[in-house]
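what follows is a protein structure lacking sequence information:
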């Protein structure tokens, strides 16, 4: 076969071998008789074989055509299956696994609603949540991650970013903690308390410390926890002070009976967004997933 072969000819060849008639193959493909004859001529040149030859009033396949008939049918059927699976717009027909990277606080707030929507609208699909270690362009680019949800502040031109909502940091303590009873907490009182940070890498320094350093201040850090859930349970049974996103952590804070109060320092809002690779812009499944995330955020 010529290296420049038109693979579309395989569809015509499949019809010719199935019908063993130029006329019937033309009807099957919606072509005129002369057009089908020209197509057969091209197939013969590509394969260097007559493919179909006259035998009395009918046409029969050559030995070469018989040898490749099953393979041609297989390739054509696989191609049709690929096109049939592209762009279904009904979520109930999806058979997919969607991977979302998000920090655990967001999963705690929106995860159950996302699971509910998937179970209701796309029961053949499932969600996989991964921690933020998988964030960034490479996982989005190679398709191993569908969406990243969180503070998207990198600004790569290769990534689509859509803002979802803004939140603010508040302090959280156990019920009965002395700081929870203060009517107006001073910044010095706040920095002198024992702070528990949330850091996947075990860091003792964060954005708040940068804001404090600008004022020549430093808070007293007593430890770090790898995730929000762990930090809240530690705070619940200690005098440690934590920082949480007010809207994001509200459900968990209320469930544990913890108390929150404003940080006595003007801090910029925390902007939460979702990011994806442009390769998914026109993918109906991915578009549905993005809308489900928007709806979950609005519901929360």
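Cool, got the structure. Just so you know, these numbers come straight off a predicted model, no measurement behind them. Numbering: from 1, shown residues only.

which ones are touching residue 275?
140, 147-149, 152, 159-162 (Cβ atoms under 8 Å, 6 or more residues apart in numbering). (C-beta placed from N, C-alpha, C; glycine too.)

inside helices: which ones of these?
Using DSSP state H, the subset of these located in helices is residue 140.

can you flag the buried ones in the contacts of residue 275?
140, 147-149, 152, 159-161 (16 or more other Cβ atoms under 10 Å).

residue 108: which of these is nearest?
Minimum distance to residue 108 across these is 12.3 Å, recorded for residue 149 (Cβ to Cβ).

partner residues bridging the closest one?
residue 102, residue 274 (DSSP bridges).

for residue 158, the count of nearby residues, please.
Other residues lying near residue 158 total 10 when counted by other Cβ atoms under 10 Å.

with residue 182 instead?
Residue 182: 13 neighbours (other Cβ under 10 Å).

so what's it up against?
Applying Cβ under 8 Å, 6+ apart, the residues near residue 182 are 189, 261.

relative to residue 189, how far out is it?
7 Å (Cβ to Cβ, to the nearest Å).

want to throw the buried ones among the contacts of residue 275 into a markdown table with pLDDT?
What follows is the buried ones among the contacts of residue 275, written out as a markdown table (pLDDT from 0 to 100):
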| residue | pLDDT |
| --- | --- |
| 140 | 85 |
| 147 | 95 |
| 148 | 94 |
| 149 | 95 |
| 152 | 88 |
| 159 | 88 |
| 160 | 91 |
| 161 | 93 |
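
just put the residues you listed in JSON lines and tack on distance to residue 31.
As requested, the buried ones among the contacts of residue 275 are exported to JSON lines (distance: Cβ to Cβ, whole Å):
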{"residue": "140", "distance to residue 31": "43"}
{"residue": "147", "distance to residue 31": "44"}
{"residue": "148", "distance to residue 31": "48"}
{"residue": "149", "distance to residue 31": "50"}
{"residue": "152", "distance to residue 31": "51"}
{"residue": "159", "distance to residue 31": "45"}
{"residue": "160", "distance to residue 31": "42"}
{"residue": "161", "distance to residue 31": "48"}
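
ok so, going back, tabulate the contacts of residue 275 (TSV), appending distance to residue 276.
Formatted as TSV, those follow (distance: Cβ to Cβ, whole Å):
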residue	distance to residue 276
140	6
147	5
148	7
149	10
152	10
159	7
160	5
161	9
162	8
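
and the contacts of residue 275, which is closest to residue 78?
Nearest to residue 78 among these, with distances taken as Cβ to Cβ, is residue 140, at 28.4 Å.

what about the closest residue to that closest one other than its chain neighbours, neighbour count?
Counting by Cβ to Cβ, 6 or more residues apart in numbering, residue 277 is the residue found nearest to residue 140 once chain neighbours are left out, at 4.3 Å. The local packing of residue 277 (other Cβ under 10 Å) involves 20 other residues.
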